[in-house]
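In: A predicted structure for the sequence below; I have some questions about it.
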Amino acid sequence: MKRLILLRHANAEARAASGEDFDRALSERGRRDAAAIGRTLAAAGLVPSLALVSAAQRTKETWTLASPFLPDARIEHRRCLYNADAAALFNAADAEIHAHTVIVVAHNPGVGALAYDLCVRATLAPAEIALTLSRGFPTSAAAAFEFAPDRLACLGLFLPPHADCEEA
């Protein structure tokens with residue numbers, strides 16, 4: 001993996017008909033934001049070759065709506081990414097040595113913690129991105145990183161128009 005894109009699922013409904021958190025679907029706003037982040041990533045030239053997507057309903061829907069703008073990615077749904085911590089998310093992506101650009105579509109707090117950790121460790125990262133990430137990682141947010149032998153670079157933080165760091 002040379003590049004890593006971390007994407008938090010889009011805004012979800014408060015509860016699923018089943019009562020299970022795993023089954024929560026996207027809200028109407030979430031559906032709009034998921035498509036918008038796909039467009040944004042494509043416009044920035046951040047097109048993954050592999051998508052590792054939590055098997056939860058809201059992450060699968062997020063990827064389904066973003067993926068038309070990122071059409072070349074092979075997709076793998078993984079139950080182990082559901083509510084995974086930062087280390088587990090990174091290890092899943094890092095194991096994909098043959099993929100040039102990996103996108104991980106997952107959940108907070110793990111995805112936000114990993115984005116923040118990578119940003120503060122990056123040798124190339126705008127200070128305002130670390131400050132923004134220290135406040136949280138809202139739904140539909142994406143952060144992109146590039147790994148090289150001698151450096152880690154933060155390629156950008158992409159937020160939905162109405163980012164709220166306290167969203168579900």
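Out: Now that the structure is in, tell me what you want to look at. Note that the coordinates shown come from a computational prediction; the quantities given were computed from them, not determined experimentally.

In: run through who's touching stretch 82-100.
Out: With Cβ atoms under 8 Å, 6 or more residues apart in numbering as the test, stretch 82-100 has contacts from 1-4, 6, 22, 48-50, 52, 54-56, 59, 74, 78, 80-81, 102, 104, 106-107, 109-111, 113-114, 117. Quick note: C-beta positions are derived from backbone N, CA and C, even for glycine.

In: so which of those residues belong to strands?
Out: Among the contacts of stretch 82-100, DSSP state E puts 3-4, 6, 50, 52, 54, 74, 78, 102, 104, 106 in strands.

In: list the buried residues of stretch 125-139.
Out: 125, 129-130, 132-133, 136-139 (16 or more other Cβ atoms under 10 Å).

In: first-to-last residue distance for it?
Out: Distance between the two ends of stretch 125-139: 22 Å, counting by Cα to Cα, to the nearest Å.

In: contacting residues for residue 130?
Out: By Cβ under 8 Å, 6+ apart, the neighbours of residue 130 are 116, 119-120.

In: quick one: buried ones out of these?
Out: By 16+ other Cβ under 10 Å, these give 116, 119 as buried.

In: for residue 156, state which of the contacts of residue 130 is nearest.
Out: The closest of the contacts of residue 130 to residue 156 turns out to be residue 119 (Cβ to Cβ; 10.4 Å).
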